[in-house]
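# structure of the sequence below:
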Amino acid sequence: MDPAETADRTLDATGLLCPEPVFRTRLALAEMEPGQLLEVSADDPLAEVDMAVFCQRTGHSMVSSTQKDDCWIFVLRKAGE
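So this is what the prediction gives:
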């Protein structure tokens, strides 16, 4: 992510297990405009794989994914419609 860019919305999905982080991510993105950024925090052990597959299947872009301690931080860019 470009340091000048900031997320338009954040979603805290920590404490939730599969498939809930992806489900809530889908709901949050549905309320956003194409091109906007969503930052998602998740500590589900499968979150890295689930988010990658979600983006691949839906066309949203994974701008970044970083792990800090036991938590993943994903930045997704909503696909154009």
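# all helices of this structure, in order?
Secondary structure of the chain, counting by DSSP state H: helices at 20-30, 47-58.
# okay, these in a markdown table with mean neighbour count next?
Bear in mind the C-beta positions are built from the backbone N, C-alpha and C, glycine included. Output for the helices of the chain, formatted as a markdown table (neighbours: other CB atoms under 10 Å):
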| stretch | mean neighbour count |
| --- | --- |
| helix 20-30 | 17 |
| helix 47-58 | 16 |
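# now these in JSON lines, with mean pLDDT and distance to Asp70?
JSON lines is the format used below for the helices of the chain (pLDDT from 0 to 100; distance: least, CB to CB, whole Å):
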{"stretch": "helix 20-30", "mean pLDDT": "97", "distance to Asp70": "14"}
{"stretch": "helix 47-58", "mean pLDDT": "96", "distance to Asp70": "11"}
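# tell me which of the ones you listed sits nearest to Val40.
Val40 lies closest to helix 20-30 among the helices of the chain, at 5.5 Å (CB to CB).
# on that earlier part again, could you dump the helices of the chain to CSV with distance to Thr14?
Shown next, in CSV, are the helices of the chain (distance: least, CB to CB, whole Å):
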stretch, distance to Thr14
helix 20-30, 9
helix 47-58, 10
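# Pro21 and Glu5, how far apart?
Here Pro21 is placed at a distance of 22 Å from Glu5 (CB to CB, to the nearest Å).
# which pLDDT value belongs to the closest residue to Glu48 other than its chain neighbours?
Nearest-residue entry for Glu48: Trp72, 5.8 Å, with adjacent residues in sequence omitted and distances by CB to CB, 6 or more residues apart in numbering. Looking at Trp72, its pLDDT reads 96.
# then Asp2?
58.
# ok, Glu5 next?
According to the prediction, Glu5 has pLDDT 75.
# what's the spacing between it and Leu17?
Counting by CB to CB - Glu5 and Leu17 are separated by 30 Å.
# wait, what's in contact with Ser61?
Contacts for Ser61 (CB atoms under 8 Å, 6 or more residues apart in numbering) come out as Cys55, Leu76, Arg77, Ala79.
# what is the burial count for the second one?
Looking back up the chat, that one is Leu76. 26 (other CB atoms under 10 Å).
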